[in-house]
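Q: Sequence and predicted structure, then a few things I'm wondering about:
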Amino acid sequence: MDVNAAVAAASAIAGLCTGVIAVLAFRWSEREQARPTRTSLRPDAAAVLPPGVDTVLSVLRSSAVVLDEGDTVVKASSAAYALGLVRGGRLAVDQMLQMARETRRDGEIRQVELDLPRRGAGRGEGLAVSARVAPLGSRLVLLLVEDLTDARRIEAVRRDFVANVSHELKTPVGALSLLSEAVMDASDDPEAVERFAGRMQIEAARLTSLVQEIIDLSRVQDDNPLDDAEPVAVDDLVAEAVDRCRHPANAKQITMATGGAPDLYIWGNRSQLAAALGNLVENAVNYSPARTRVGIAGRRVAAPGGDLIEISVTDQGTGISEKDRDRIFERFYRVDPARSRATGGTGLGLSIVKHVAASHGGEVTVWSAEGQGSTFTLRLPEAAVSRDGRDRSTAVAAEDGEPGPGSGSSSALYETFPDHIPAPEVLP
C-alpha cells in the first residue's frame, strides 16, 4: 500500500509540474506576440507615406529621401544611395539632417547648395548638389537632392571657352589696329607701308582662320552627323586632305605618302569627316621639318561590335612630350605657342577632330615619341552598306567614263606607299 501511495503522489506531482509549465509557456507566447517588433517600430513606406507619394517619388529625377520623426529613413530612392546620402538607414549628411530637423520644427521649406566629398573618389574630386527640404504631412519630412556636378562642369567649360576666345580674338585684332596706325604714320615711306601691309594680311588671315574654326567647332557640337549620313569613301577623304595641304607641303618639300587597304567606307557626314582628317594632315605638315614624309593610311580592324576603319596620319616631326599628350585635344591648347603663332595654329583643330570622332561613334588616339614623330589615328565604325555603296559608285563612274573611288585616279595628287612598306599605325 505504501508503494502504491508513493507512485500516486509522484504522478500527481508530475502532472502538477506539467500544468504549470504549460501555463507559463502560454503566457510567454502571448507576451512575445504583444511585444513591438522591428517591423512595427519601422512601418514600411506603403503604410506611412500618404497615398500616391511613393509613386511620385519614384518618377522624380532628383534623389528623394523621406525622414520620420526620429530622423529614420522611411523611403529613399536608389539615386540617394548611389550618391552616398543614405547609409545604414540614416541620412549621412549632417547639413541636410539639420535642415530636416529645422523644417520639422517650424514647417518652412529650405534650400541650400552644398559641396560634398564623392564617395570612393580621390582627393579634390567633389560632388555639387542642391538640397531642398519640405514637410510631408504632419510627421514626415521630404528631402530632394539634385546633382549639379555636370552642370557646374559645363558652366566652367563655357566660361573658359569664352575667356579663351576673347583672348585669342584680341591678339590679331590688336595687331591689326597697331599696324593700321603704323601704315598711317608711314604714309610717306612706300617700303614701310608695304611691310606693314604684309603683316596686316598675315594677321587678317589668322583672324579669319580663328573665326572659321570657332564656327566649325560650334557646328560640330550642335549638328547631328547622322542626320545627313552616307557611306563616305576613305580614298576620297584622303585625296581631299592631301589636296588641301599640297601647297604648304610643296613649300617645305614634304612628301605626302598614302597607303593601306583600298575601298574602305565610313558611315557619317562627309564634310565633318573631311574637316577632321584635313586637320590631322594639316597639323602633320605644319609641324614637320622640311624634306620629311607625312603618311596617311587606312585599314580595317575587327572589333566585337563590328569592323572599324582606322585612318592613321604619321609625321616625322619633333614629337609630343608625355605631359602634353593628354591635353592636346583641349580647346586652344598649344604644345608650343610660339611655333603655333608662326604656323597660324589656333589650338582648335584637334578639338574639332575629337568632337567629330565622338559624334560618329569613334575616337581619335595619338602615339608620339620626342625626336621620332607622331601618329594620330581616327578610329570610326565601318559603313554597314559599304560593299553596296562601292559597287554603285564604281558602276556609275564606269557608265559616265569617270574613275570611281579607289580606282587610282588620284595618284597624281600624292605619292603612294610601295607594297613592301606597311601602313602607319599607332605603336604600342
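A: Ah, there it is.
Q: tell me which residues in stretch 59-79 are buried?
A: Within stretch 59-79, the residues scored as buried using 16 or more other C-beta atoms under 10 Å are 62-68, 73-77, 79. The way it works is simple: take the backbone N, C-alpha and C, and place the C-beta from them, glycine included.
Q: for stretch 356-375, that is, sorry about that
A: Of the residues in stretch 356-375, those buried under the neighbour-count criterion (16+ other C-beta under 10 Å) are 356-357, 359-362, 364, 366-368, 373-375.
Q: Enumerate the positions of the helix ranked longest in the chain that are buried.
A: Longest helix in the chain by number of residues (criterion: DSSP state H): helix 149-185. Going by neighbour count (16+ other C-beta under 10 Å), the buried part of helix 149-185 is 149, 164, 165, 168, 172, 175, 176, 179, 182, 183.
Q: List the strands paired with the longest strand seen in the chain, with their directions.
A: Assignment by DSSP state E gives strand 126-136 as the longest strand of the chain. Looking at strand 126-136 with DSSP bridges, its paired strands and their directions are strand 110-117 (antiparallel), strand 140-147 (antiparallel).
Q: That one: which residues count as buried?
A: Residues 127, 128, 129, 131, 132, 133, 135, 136 are the ones in strand 126-136 that count as buried (16+ other C-beta under 10 Å).
Q: Stretch 83-95 too?
A: Within stretch 83-95, the residues that count as buried by 16+ other C-beta under 10 Å are 83, 85, 86, 91, 92, 93.
Q: pLDDT averaged over it, what's the number?
A: For stretch 83-95, mean pLDDT is 86.
Q: try stretch 303-319
A: If you average the pLDDT values across stretch 303-319, you get 89.
Q: And stretch 117-126, by the same measure?
A: With pLDDT averaged residue by residue, stretch 117-126 scores 59.
Q: Can you get me the start-to-end distance on that stretch?
A: Its first and final residues considered, stretch 117-126 spans 5 Å by C-alpha to C-alpha, to the nearest Å.
Q: neighbours of residue 203, just the number please.
A: Residues within reach of residue 203, counting by other C-beta atoms under 10 Å, total 18.
Q: for the stretch 201-350 of the chain, what are the low-confidence residue spans?
A: Scanning the stretch 201-350 of the chain with the threshold set as pLDDT under 70 gives 219-227, 332, 334-347.
Q: Which stretches in it count as helices?
A: Secondary structure of the stretch 201-350 of the chain (DSSP state H, counting those that start in this stretch): helices at 234-244, 246-251, 270-286, 322-325, 337-343, 349-359.
Q: Beyond the last one, next helix or strand please.
A: Okay, so that is helix 349-359. The element immediately downstream of helix 349-359 (helix or strand, assigned by DSSP states H and E) is strand 363-369.
Q: helix or strand right after that next one?
A: Toward the C-terminus, strand 363-369 is succeeded by strand 373-381 as the next helix or strand (DSSP H and E).
Q: List the neighbouring strands of that next one plus their orientation.
A: Partner strands for strand 373-381, per DSSP bridges, with pairing direction: strand 308-314 (antiparallel), strand 363-369 (antiparallel).
Q: Please name every helix or strand in contact with the longest helix of the chain.
A: Using 3 or more C-beta pairs under 8 Å, 6 or more residues apart in numbering; DSSP states H and E as the contact criterion, the secondary-structure elements in contact with helix 149-185 are strand 126-136, helix 190-222.
Q: can we see that at 10 Å?
A: strand 110-117, strand 126-136, helix 190-222 (3 or more C-beta pairs under 10 Å, 6 or more residues apart in numbering; DSSP states H and E).
Q: Mind listing what's buried along the last one?
A: To tie it back to what came earlier, the one meant is helix 190-222. Of the residues in helix 190-222, 193, 196, 200, 203, 206-207, 209-210, 213-214, 216-217, 220 count as buried by neighbour count, 16+ other C-beta under 10 Å.
Q: what do you get for the first one?
A: Buried residues in strand 110-117, counting neighbours by 16+ other C-beta under 10 Å, are found at 110, 114, 116.
Q: I'd assumed residue 132 was in contact with the first one.
A: Yes. Between residue 110 and residue 132 a contact is recorded at 7.3 Å, counting by C-beta atoms under 10 Å.
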